[in-house]
Each structure stands twice: as structure tokens, then as C-alpha cells.
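A.B. asks: Need coordinates for the below:
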Amino acid sequence: MTTSTAGFRPVLWAPGDWNAFFGFGTNILVNMLVLTGLLRFVLKMPDSLVFGRILPAMGLMMCLSTFYYAFLAYRLAKRTGRNDVCALPSGISVPHMFIVTFVIMLPIALKTNDPIQGWEAGLVWVFFQSFILMIGGFIAPIIRRITPRAALLGTLAGVSITFISMRPALEMYQTPVIGLTCFGVILVSWLGGFKYPKGIPAGLVAIAVGMIIAWGSNLVGLNYGGLSLKGVGDAFANFGFNVPIPAVNHVFSGFQYLSVILVTAIPFGIYDLVEAMDNVESAEAGGDPYPTTRVLTADGVVSLIGCLMGNPYINAVYIGHPGWKGMGGRIGYSAAVGVMVIILSWFGIISLMLAIVPVVAISPILLYIGMLIGAQAFQTTPKGHAPAIVLGLTPHVAAWAKTLMDGALAVAGTSAVALGFDKLANVGVLYPGLRTLGGGAILTGLVLAAVGAFVIDKKFVNAAAFALAGAVLTFFGFMHGEAVGIAVTPTVAVAYGIVAVFLYALSRYPALAPALTGSGEVMAATPAE
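C.D. replies: Numbers count the residues shown, from 1 in each chain. Next comes the predicted model:
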């Protein structure tokens, strides 16, 4: 028996869309506050750029995305004759929001002492990410099939622990009355499962508590959080109607940093593909099958539009479709969030919200995000691969330490070269090692973790292949180098080649293979005795 859907018209707004709108809308609002805080207080970008160029472009991109996914949901509902179809949630990719800020834009802004150049570098990063997404639907399954999850998630965990988690953690302990209190509010809900009255999101509760403490402290002269009535008054100066303005010239200006950008754009483009596929699979498991290629293409297209209009952050399908569907969300909530984003970003309302919300109240949210990204690497991979994940973390620790050191020395008016590597080594700072290990940390962590995972699994041919890939990538500067070139670190490339030959030789030595595998089961790594 077949059911005709020719005359079926899906309901555009269901009662449950209100729940999904307030829940998902709050999530998006918190992300926008965090993003704006990063632009203003970390990257030190002028308000004219933040509120006049970047936020309007970001609002356009997110509106296009949420409207498109509402349209896809409408088509799916009409085709299937169902009114329970839920639109895919989407917005700024949260992990990549921090990565492009701290790994791309901040180093270039500090190096050039010009936040505009940092912004331009971010635009180029998204430009390439967009094309990787658009064409990646055809190659993502292959990459996913040949690369261990420990490698893909391990290198991301390295970024989360260093460049995402550490700064907000330090900020929290600079103003612990707000930071730790808000962190506790978040932890009991997001980790402990505690539900706040009326289902109010924990992130919103934390921000409210931070505001109460900050403004209350002003009444007794303590001024926790650095808020003031003057700041609120100044925020009204950013009110106005700002529409996106093409930024194509700025995109091409950022191409001067292409060699640095490609080192991270390629691996994180791959991660985007895997993440998008996972989230589409999650929606299909919840009863709503969406076409993967169309979703990936849409993310790439809207990200490219946002980039060309001045937005240095990429769009992504969010995880959580089953949750919004279970809350009653259908088609309308997605489009409604798109309208909300336009209002917040085009009229400068975010400026006022930042003037009344202490930044340190947002820091615990950033730390929590970093915690989850780091934990995911261990929770969703085989237990025996844990040492490989830790191996993938080490390049990021080196890169983070070098970044702090370079910044401190620059403030002091000197550099590691000027001080001398020998003097630094005498106090335990092996600067050349930090520079080499931390160069191209994203790909370095991925290759090291992949080699480690395959060695643990006794798959020496696979491990040799990744070691050989490491040799090639290192030779051209994608790994262990700060820019792409020829023979950037040749001795390291040769070392990877030697390791590749050694691993391949192990795979061809018949007497060794049975002894290594024992009963044929993969054994957990154990310390040497």
C-alpha cells in the first residue's frame, strides 16, 4: 500500500518549535557573545570592524544556513508526508571558532601588530575551508577510512587543551569570584545532569549569575568583571543598521599568508567533513535522512558567501538534531533562529549585551568546550589507542609554549635568537626543539597519532605509510615548519623516512609478525619494564 503525498503541505510552525527556538537560540546567542568577545578582547579588533563588517557578514551566513536547512526539512516532510521532520541545526563551528582565532588570526595579528591582517588571514582560511567542504563529499569517506579516529580527534584534542582551554582557565582564576562560580553552575548541569527550573539552559544561568555578581560588586566598590555604566553608554554608539559589505579585496590581501594557512586549513577541512557526516548520520538515526553531499555543499557555499562578505568563521551542521527533535522542534525553529541572528548582528545589539555581561562569565563556557573536545578523543576511540592520542597532543603543547615564550620575550624587547639558544637551554628551555616539534602542529599531531595507533594495532604497513607521508609533508614545510617551502626541515624529513623504512621492514619480516601479535588480538600498550 502506498501513500500519496502530492497534496500534502507540511506545518511550518509547530508548538514544539517554541521550545527548540529558545533552546537553540540561546545556544547560538552564547556562541555569538563568545565570538564577539574573542574579536574585541583577544584579537583587539576595532569596534568598527567587529560590528560594522564581521558580525553583519556572519549574520548573513548563519541566516542563509538556517533558512536552507529549514527548506531541506520542508522538502523532506513534503516528500514523506510527515509533520515530525526536524531541521538540521547549524551555525558557527565552535571548535573552529577558537582554532582560527588562536592558531591563525592571533599569531599573525601579533606578528604584524595589525589586527586587520589577522582578519584577512582568517578570511583566506575560511576561503579554502569552504572549497574543501564543497568538494570533500567525494573524498571524505576515503580519508575517514584510512585515518584512525585517534589521529583525527587526538590532534584536535591537542588544540583544545592548549589554545582553547588554557586561556579561559587562566582568566577564571584571575577573577575567581565570577569565573569559578559560573564554572560550577555549568558543571553541575552539563556534566552532572542537573536541570535548572523551567528548563533554562545552564549557559544562560551562568551568564546571569556572572552579571549579578559583577554588577553587585560595583555597588560595594569591588568592580569584579570590569563593567560600568559608562561602558553601557558607549555600547549604544554601536547601535545602527549595518549590512554586509563585500570584502573580496581583503580576502586576496590575506593570500600572502597562504603557506601558513594551508598547514591548518587542510586537516581541519577534513575534520569538518567527518563531523558533518557524523551529524547527518545522527539525524538519519533519528528518522530524518538528509543527503550528505547536499549538506556538505551547503556548508561550503554559505561559508564562502560569508567569507567574501567579511566573516572569518566557517559554518557547520551542529550535533544535537535528536535533542531538538525530541524537544518538539520541526521546521520553523531553524528559520526563526536565522531571523534572530540577523536582528542581533545587523543592529549592533551584541555590543550592548557584551557591555552588561562580564567576559569572565563566558570563560567557563570556553573551558567546558575545550574539555569536551579533549575528552571526546579518549571516549570515542579504542582504549588501547590512548598513548597514541597523548602522542598527538605533544606538538600542540610545544606550539603553545613557544607562543607564550615569543610573546613574553617580545614584550621584553628581545627574542630567543637574541638571547641565545644555549642560555635558554641552561635554564631548561629547549627552544629549537619547541620550534621544530610545534611547527605545523595540526598535521604533526595527526601523523604522529596515526603512526602510534597503527603500531599499537600491529599494522606496520599502515604506520609506515603515515610515516612516509610525514616525511613528504615535513620536507615541504607542512609539518615541523612555520611556512610551506622546499626542504624546510630536511633532517626531520629524513628521520621520518628512516622510520617508514623500519616499520615497513617489520611488516615484511615473517618471523616477527606472529610474535608481535600473539593470539591475534590487539594488546593494550604497556610500559617497558
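A.B. asks: just checking, Pro289 is part of a helix?
C.D. replies: No. Counting by DSSP: H, G, I helix; E, B strand; the rest coil, Pro289 is not found in a helix; it is coil.
A.B. asks: got the contact list for it?
C.D. replies: Leu76, Ala283 (Cβ atoms under 8 Å, 6 or more residues apart in numbering). Bear in mind the C-beta positions are built from the backbone N, C-alpha and C, glycine included.
A.B. asks: Now it, what are its backbone angles?
C.D. replies: Backbone dihedrals for Pro289, given as degrees, to the nearest 10, come out at phi -80, psi 120.
A.B. asks: now swap in Trp125 and tell me
C.D. replies: Backbone torsions for Trp125, taken as degrees, to the nearest 10, come to phi -60, psi -50.
A.B. asks: Equivalent analysis for Ala87, please.
C.D. replies: Here is the backbone geometry of Ala87 (degrees, to the nearest 10): phi -70, psi 150.
A.B. asks: That one: how many residues sit nearby?
C.D. replies: Using other Cβ atoms under 10 Å as the criterion, Ala87 is surrounded by 33 other residues.
A.B. asks: For Ser130, which non-adjacent residue is spatially closest?
C.D. replies: Closest residue in space to Ser130, ignoring its immediate chain neighbours: Leu304 at 3.8 Å, by Cβ to Cβ, 6 or more residues apart in numbering.
A.B. asks: Which pLDDT does the model give that neighbour?
C.D. replies: You'll see Leu304 listed with a pLDDT of 95.
A.B. asks: so it sits right up against Ile132, yeah?
C.D. replies: No. Leu304 lies out of contact with Ile132 (Cβ atoms under 8 Å); the separation is 10.8 Å.
A.B. asks: list the residues that contact both of those two?
C.D. replies: By Cβ under 8 Å, 6+ apart, no residue touches both Leu304 and Ile132.
A.B. asks: quick one: the residue nearest to Ser130 from Leu39, how far?
C.D. replies: Using Cβ to Cβ, to the nearest Å, one obtains 20 Å as the distance from Leu304 to Leu39.
A.B. asks: neighbour-wise, which of those two wins?
C.D. replies: Here Leu304 and Leu39 are compared on neighbour count by other Cβ under 10 Å; more neighbours surround Leu39, at 27 against 21.
A.B. asks: Extract the residue ranges of the stretch 101-250 of the chain that are flagged as low pLDDT.
C.D. replies: Scanning the stretch 101-250 of the chain for pLDDT under 70 picks out 137-138, 140-144.
A.B. asks: can you list contacts of the host helix or strand of Leu29?
C.D. replies: Here Leu29, judged by DSSP states H and E, is contained in helix 16-37. Contact with helix 16-37 is made by 50, 55, 58, 62, 86, 89, 91-92, 94, 97, 199, 201, 203-204, 207, 313, 324, 327-334, 336-337, 340-341, 344-345, 350-351, 353-354, 357, 359, 362, 365-366, as judged by Cβ under 8 Å, 6+ apart.
A.B. asks: Which of those residues fall within strands?
C.D. replies: In this view, the contacts of helix 16-37 that belong to strands under DSSP state E are Gly91, Ile92.
A.B. asks: just the buried members of the contacts of helix 16-37?
C.D. replies: Buried members of the contacts of helix 16-37, counted by 16 or more other Cβ atoms under 10 Å: 50, 55, 58, 62, 86, 89, 91-92, 94, 97, 201, 203-204, 207, 313, 324, 327-334, 336-337, 340-341, 344-345, 350-351, 354, 357, 359, 362, 365-366.
A.B. asks: Just the CA coordinates for stretch 11-25, please, in CSV.
C.D. replies: Output of stretch 11-25 as CSV, limited to C-alpha atoms (Å, rounded to 0.1, in the frame of the first residue of the first chain):
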residue,chain,number,x,y,z
VAL,A,11,3.2,22.5,9.0
LEU,A,12,5.8,25.3,9.1
TRP,A,13,5.5,26.1,12.8
ALA,A,14,4.6,23.5,15.5
PRO,A,15,4.1,24.2,19.2
GLY,A,16,7.4,22.5,20.0
ASP,A,17,9.2,24.9,17.7
TRP,A,18,9.0,27.4,20.6
ASN,A,19,11.0,25.1,22.9
ALA,A,20,13.6,24.4,20.2
PHE,A,21,13.8,28.1,19.3
PHE,A,22,14.5,29.3,22.8
GLY,A,23,16.9,26.4,23.5
PHE,A,24,18.8,26.5,20.2
GLY,A,25,18.6,30.3,20.1
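A.B. asks: Phi first, then psi, for Asp315.
C.D. replies: That one is not Asp; residue 315 is Asn. The phi/psi pair for Asn315 (degrees, to the nearest 10) is phi -90, psi 150.
A.B. asks: ok, now which ones touch it?
C.D. replies: Neighbour list for Asn315: Met61, Met62, Ser65, Ser90, Gly91, Ile92, Ser93, Asp299, Val302, Ser303, Gly306 [criterion: Cβ under 8 Å, 6+ apart].
A.B. asks: right, and out of those residues, which lies closest to Asp114?
C.D. replies: Proximity of these to Asp114 was ranked by Cβ to Cβ; the top entry is Gly306 with 22.2 Å.
A.B. asks: any idea how far the closest one lies from Val124?
C.D. replies: Distance, Gly306 to Val124, using Cβ to Cβ: 13 Å.
A.B. asks: can you check Glu171 too?
C.D. replies: 29 Å.
A.B. asks: Equivalent analysis for Ala361, please.
C.D. replies: 33 Å.
A.B. asks: neighbour count winner among these two?
C.D. replies: Comparing Ala361 with Val124 by other Cβ under 10 Å, the one with more neighbours is Ala361, at 28 against 25.
A.B. asks: Assign a three-state SS to the closest residue in space to the more buried one that isn't next to it in sequence, would you?
C.D. replies: Once flanking residues are discounted, Ala361 sits nearest to Gly210: 2.5 Å by Cβ to Cβ, 6+ apart. Applying three-state DSSP to Gly210 yields a three-state assignment of helix.
A.B. asks: could you list every residue that touches Gly210?
C.D. replies: Applying Cβ under 8 Å, 6+ apart, we find Gly210 in contact with Ile178, Thr181, Cys182, Gly225, Val357, Pro358, Val360, Ala361, Ile362.
A.B. asks: run the last query once more with 6 Å
C.D. replies: Neighbour list for Gly210: Ile178, Cys182, Pro358, Ala361 [criterion: Cβ atoms under 6 Å, 6 or more residues apart in numbering].
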